[in-house]
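would you be able to build a 3D model of this:
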Amino acid sequence: MRPRCSGISYHLVLSSLSLWLVLSKEKWRWRIPLTGYPLTWLFFYQCLATTLALALPAILLERLQTDWNPEFISTMFWLIVGVSLGAYALMWLLIERMDATRVACLFYFGPPVTMLMAWIAFGDTLTFMDIMGLIVVFAGVLLTQKKTVPQPQHASR
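Numbers count the residues shown, from 1 in each chain. Below you'll find the predicted structure:
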């Protein structure tokens with residue numbers, strides 16, 4: 001008989017494992033410089049590592065069973081092509097045109113845009129705190145996108 005664990009215990013184990021993997025990666029990142037590698041190969045290795053890391057839990061916990069119907073197939077197509085590959089393509093285009101730190105700040109738009117899409121598409125209600133969070137995120141991202149003009153240095157005599 002297999003012991004039953006709550007969903008929270010799986011989340012704790014997976015989040016702890018994720019933290020350990022990220023810290024290990026950061027430790028090695030300082031030893032192995034990544035400059036000079038093509039971005040497409042780095043993307044491939046990241047996707048491969050993610051696939052390997054998630055394949056074992058998917059096989060063990062979910063048995064890889066699904067109901068292959070048109071809704072599932074169209075949803076998977078949208079998530080793979082529209083969301084994942086589209087997001088990476090846009091990110092690469094932005095990195096070519098902007099600083100990486102400014103591009104990274106744009107990721108904070110994810111939750112507010114999702115909230116607005118749910119409000120438009122599904123009629124979700126927006127609370128006062130939702131609107132305040134939206135304003136904070138927009139203000140923060142606008143501050144990071146503001147171009148700074150270097151101040152002229154006065155020559156000392």
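
Thr144 touches Thr101, doesn't it?
Yes. Contact criterion CB atoms under 8 Å: Thr144 and Thr101 qualify, at 7.3 Å. C-beta here means a position set from N, CA and C on the backbone, and glycine is covered the same way.

look at those two and report which has more neighbours.
Thr144 (13 against 8; other CB atoms under 10 Å).

once you drop chain neighbours, what's closest to that one?
Cys105 (4.1 Å; CB to CB, 6 or more residues apart in numbering).

that neighbour contacts Ala139, doesn't it?
No. Judged on CB under 8 Å, Cys105 makes no contact with Ala139 at a distance of 11.8 Å.

neighbour count for these two, which is higher?
Cys105 (18 against 9).

flag the shaky bits of the chain, pLDDT-wise.
The chain contains residues with pLDDT under 70 at 1-12, 19, 23, 25-37, 39, 148-157.

now with 90?
1-68, 76, 79-111, 114, 140-157 (pLDDT under 90).

all helices of it, in order?
7-29, 39-57, 70-77, 86-97, 100-105, 110-122, 128-145 (DSSP state H).

and the contacts of the shortest one?
Where contact means CB atoms under 8 Å, 6 or more residues apart in numbering, the residues beyond helix 100-105 that reach it are Met91, Leu94, Ile95, Gly140, Val141, Thr144, Gln145.

distance of the nearest residue to the third one once chain neighbours are set aside from Leu94?
Closest residue in space to Ile95, ignoring its immediate chain neighbours: Val103 at 5.3 Å, by CB to CB, 6+ apart. Val103 sits at a distance of 5 Å from Leu94 (criterion: CB to CB, to the nearest Å).

just want the most central residue of the chain.
With distances taken as CA atoms, centre = their mean, Phe107 lies nearest the centre of the chain, 7.0 Å away.

the residue lying closest to Ala53 once chain neighbours are set aside: neighbour count?
Leaving aside its sequence neighbours, Ala53 sits nearest to Leu21 (CB to CB, 6+ apart; 7.3 Å). For Leu21, the count of nearby residues is 12 (other CB under 10 Å).

repeat for Phe44
11.

give me every residue that touches it.
For Phe44, counting by CB under 8 Å, 6+ apart, there are no contacting residues.

before we move on, the earlier item: which of the helices of the chain sits closest to Leu64?
Among the helices of the chain, helix 39-57 comes nearest to Leu64, with 9.1 Å by CB to CB.
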